[in-house]
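Q: My questions are about this predicted structure, shown below with the sequence.
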Amino acid sequence: MQRARGRTWSAGAALAGLTCLALSAGCEDSRVVATLGELVAMPDPVVFGETPVSTLRTQDVVLQNQGTGAVHLLGLEVSEDPEDFSLSVPPELTLPAAITPGNQVTFSVRYHPQAYPEQDAGVVRLTSTDKGAPEYDLRLSGTAVEPILLVQPVPVQFADTRVLSTSPVTLTITHTGSDPDPVVVSFLGLTDDGEGDFGVQSPPDVPLTLTAGQEQRLHLTYTPQALDDADQGTLTLESDADSQEHLEVPLSGASFGPHIEVSTTALNFGTVSEGANPSLPISISNSGNQELHVTALELSDTGSQKFELAPASVPDPIQPGGSVQVLVTYLADDRGDDDGTLRILHDDPLERPVFVQLHGRTPEPDVFVKPVLISFQLSGTSQTQSKDIRVFNLGDEDLVVTGYRFDNPDGLFSLDVEPSFPATVEPGADPAGPYAEFIVSYNPSGPGQSECQLTILTDDQDEPETPVHLTGSYSP
């Protein structure tokens, strides 16, 4: 183990300040000392030794804070020879990362030599808040030697690929002939497919025997299922080749595409005054990394036609991180409820068309007549019977009773009381009212049955005519 250079400081060098508080009893000195951290890398340097070309070697590196204060790790990158060395950082290690005293973080350095014979030297540049060494170079070394199995390329880096599209890479496994004996590959396949993002087309049957100079091609695919700038997978090869019994080939790729986000999927204008015509906004955003095209804004033909859009279309693509606002106006020029649907069509391959439900209403009356079925039954000396009919308004705007029709073919019913037309009924409830009242009587001229119908006319648009059916019977 070797410590990063310049790792020891005196407490006096870390003096942060002096605070003097003026109190009624006098003035006291209060010293505040800023504590400093001390990062140690293990191992340091990282030595891989002899490694056959196209073979991957991995070593874990531990960064431990042996100081007395927290240190923040700010940067981590291969600054020299990234062709032969690379990093594998666990997802839980996000920068900046705070390392408290006595704690540590771990990452991996990978060595995948590309040519032989040669001595490879690389550097991992560490940047942190460690004041003794804010920038520290972790040295890497390895010796590339001739392989028996030459696997190319290692690692496999796919081209940036649009979500749900496919990019191919051909991997070649060659018996270099450095050992005249044939090599038997006992396993060749994906041990990590990146949650379905990586695949192998028509994989060969194993065991697979390769003689000197023979090669096997493997067709790999990358089909990202979601937006991810750091997709990773692993292809594993197991064989009887010396020093290459177990090979892991890292697979990596990055995806691109638009991603639509709509601020709401329901706009409710509530109850508004007739003629107010209010507007509410909808924001359409692109949180992806490629232009988003909104191909159409469509209002449903089957819903209410009382909604308008401004603008009616989005002709320009929405850039990554950008958004556009669409105003929806409710044309409150008629009474009652209005429901519609806005459909947003787009080219986000991961999302279906977005539907936004629209609702608004203006106050309206709601007629309620009680009762709507009346039966008169007379017998003996009883010759006349009267019953009342009440017209209530269960809505939220005045109801106007404009008149009535009285279909009385036998002439045995009479309308004794009727309101003065037009009659206004304010909003209320049954039975408290208010209400308009009709009184109907049955006056039979002899034994038998008869019927008639009173139709009450109002300005309720949903129910402008409310029939009341009346029946009567008389037996001496």
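A: On my side now, so go ahead.
Q: Every contact and neighbour count from this point should use C-alpha atoms.
A: Fine.
Q: V109 pairs with what?
A: Beta-bridge pairing for V109 (DSSP bridges): Q59, L87.
Q: Would you agree it is in contact with S88?
A: Yes. Proximity of V109 to S88 meets the contact threshold set by Cα atoms under 8 Å, at 6.3 Å.
Q: So those two - more neighbours on which side?
A: Applying other Cα atoms under 10 Å to V109 and S88 shows that V109 carries more neighbours, namely 19 against 15.
Q: Okay, the more buried one and E397: tell me how far apart.
A: From V109 over to E397 the distance is 75 Å, taken as Cα to Cα, to the nearest Å.
Q: just P365 next, same as before
A: From P365 over to E397 the distance is 5 Å, taken as Cα to Cα.
Q: What are the boundaries of the strands in the stretch 201-350 of the chain?
A: According to DSSP state E, counting those that start in this stretch, the stretch 201-350 of the chain carries its strands in the segments 208-210, 215-222, 231-239, 246-253, 255-256, 260-262, 266-271, 279-286, 294-299, 307-310, 323-330, 336-346.
Q: which neighbours does the first one have in its sheet, and in what orientation?
A: The sheet places strand 208-210 alongside strand 183-192 (antiparallel), with pairing taken from DSSP bridges.
Q: Please identify the buried residues of the strand it pairs with?
A: Using 16 or more other Cα atoms under 10 Å as the test for burial, strand 183-192 gives 183-185, 187-190, 192.
Q: I'd like to check the angle between that strand and strand 231-239, please.
A: Angle between the axes of strand 183-192 and strand 231-239 is 160 degrees (criterion: axes from the mean of the first three to the mean of the last three Cα atoms, to 10 degrees).
Q: residues in contact with strand 183-192?
A: Residues from elsewhere that reach strand 183-192 (Cα atoms under 8 Å, 6 or more residues apart in numbering): 175, 199-200, 203, 206-211, 233-241.
Q: Give me the buried entries from those residues.
A: Among the contacts of strand 183-192, those buried by neighbour count (16+ other Cα under 10 Å) are 175, 199-200, 210-211, 233-239, 241.
Q: give me the low-pLDDT residue ranges for this structure?
A: For the chain, the stretches with pLDDT under 70 are 1-37.
Q: Tell me which residue lies nearest the centroid of it.
A: E261 (7.3 Å; Cα atoms, centre = their mean).
Q: so what's it up against?
A: By Cα under 8 Å, 6+ apart, the contact set of E261 is 284-287.
Q: Who wins on neighbours among these?
A: The most crowded member of those, judged by other Cα under 10 Å, is N286 (24 neighbours).
Q: Enumerate every residue touching that one.
A: When contacts are counted by Cα under 8 Å, 6+ apart, N286 touches 258-261, 292, 318-323.
Q: go on, L74?
A: With Cα under 8 Å, 6+ apart, L74 has these contacts: 95-97, 126-129.
Q: Stretch 411-423: end-to-end distance?
A: 26 Å.
Q: Now do it: everything it contacts.
A: Under Cα under 8 Å, 6+ apart, the answer for stretch 411-423 is 400-403, 436-445, 450, 452.
Q: repeat that for 10 Å
A: The contact list for stretch 411-423, computed with Cα atoms under 10 Å, 6 or more residues apart in numbering, reads 384-389, 398-404, 406-408, 435-446, 449-454, 458, 470-472.
Q: repeat for stretch 207-219
A: Here stretch 207-219 makes contact (Cα under 10 Å, 6+ apart) with 148-152, 168-189, 199-204, 238-239.
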